[in-house]
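Asker: okay, sequence plus prediction incoming.
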Amino acid sequence: MVKDIQLLVTGGTIDSEYDIRTYSTSVLKESSVKKYIENYIRPDIDIQEEVISLVDSRDMNDDIRESVFQNILKSKSNNIIITHGTATLVETAQYLKNKIAKCSPPPQKKIILLGSFYPLIFYPTDAPFNLGFAIGVIEHVKPGVYIAMNSKLFDISDSTGISKDYNSAKFRTK
């Protein structure tokens, strides 16, 4: 039974709002994810939050990814959930998988990245489902790096290719 989760926030659509003046989304100045989890999903789990960045994932870079990796290593929890934008979600998951593979011994952490195609504050949105799915599935996986999107769990180590399908608004394997 999972007793704790380290929530690492990086931004992305899940933490965005829609600007009607520019017909675009922009990342919020403050994350709403932990508050949403506590108020609406309400798992019986201690959730510690660390906001690493609040950037559009197209602005994600290796400096931010390295900060995510360092926060994973220093976390007391072995259960890590990372919110992230969908545009570079796969790249960050692969980065983390490669960094963990170089550790000796590798940390025994369960790491699940997730995002959403619509902001958490929108209705309808896929964000609450993706959050709840990641929280629910984390106790059932072995240590490794995963992506939780659209009711699917993608294991980065087993995948031959995960990609974002813009037409269907889903993640798929090749």
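Answerer: Looks like it arrived, so ask away. Numbers count the residues shown, from 1 in each chain.
Asker: what does the lowest-mean-pLDDT helix or strand in the chain contact?
Answerer: Least confident helix or strand of the chain, by mean pLDDT, DSSP states H and E, is strand 24-27 with a mean of 73. The contact list for strand 24-27, computed with C-beta atoms under 8 Å, 6 or more residues apart in numbering, reads Gly11, Gly12, Thr13, Asp15, Ser16, Glu17, Tyr18, Asp19, Leu54, Val55, Asp56, Pro119. Glycine gets a C-beta too; all of them are placed from N, C-alpha and C.
Asker: who does that strand pair up with?
Answerer: strand 16-19 (antiparallel) (DSSP bridges).
Asker: I figured Thr86 hits Met60, correct?
Answerer: No. Applying C-beta atoms under 8 Å, one finds Thr86 not in contact with Met60, separated by 10.9 Å.
Asker: tell me how far the nearest residue to Ser57 once chain neighbours are set aside lies from Ser26.
Answerer: Leaving aside its chain neighbours, Ser57 sits nearest to Gly85 (2.4 Å; criterion: C-beta to C-beta, 6 or more residues apart in numbering). Gly85 sits at a distance of 12 Å from Ser26 (criterion: C-beta to C-beta, to the nearest Å).
Asker: what sits in contact with each of those two?
Answerer: Contacts common to Gly85 and Ser26, judged by C-beta under 8 Å, 6+ apart, are Asp56.
Asker: just to revisit the earlier point, could you measure the residue nearest to Ser57 against Ile138, distance?
Answerer: 21 Å.
Asker: closest to Ser168 among the contacts of strand 24-27?
Answerer: Thr13 (16.0 Å; C-beta to C-beta).
Asker: ok, that closest one to Pro105 distance?
Answerer: Separation of Thr13 from Pro105 (C-beta to C-beta): 35 Å.
Asker: who has more neighbours, those two?
Answerer: Neighbour count, other C-beta atoms under 10 Å: between Thr13 and Pro105, Thr13 has more, with 25 against 5.
Asker: list phi and psi for the more buried one.
Answerer: Note on Thr13: backbone dihedrals following degrees, to the nearest 10 are phi -60, psi -40.
Asker: wait, it sits on Pro119?
Answerer: Yes. With contact defined as C-beta under 8 Å, Thr13 reaches Pro119; the gap is 5.7 Å.
Asker: pLDDT weak spots in the chain?
Answerer: Residues of the chain that meet the criterion pLDDT under 70 lie in 20, 158-160.
Asker: so in it, which strand runs the longest?
Answerer: strand 46-55 (DSSP state E).
Asker: which outside residues touch the next helix-or-strand element following that one?
Answerer: Next helix or strand after strand 46-55 toward the C-terminus (DSSP states H and E): helix 62-74. Contacts with helix 62-74, where a contact means C-beta under 8 Å, 6+ apart, come from 6, 8, 10, 50, 52-53, 55, 80, 82, 92, 95-96, 99-100, 103, 107, 109, 111.
Asker: cool, thanks, talk later.
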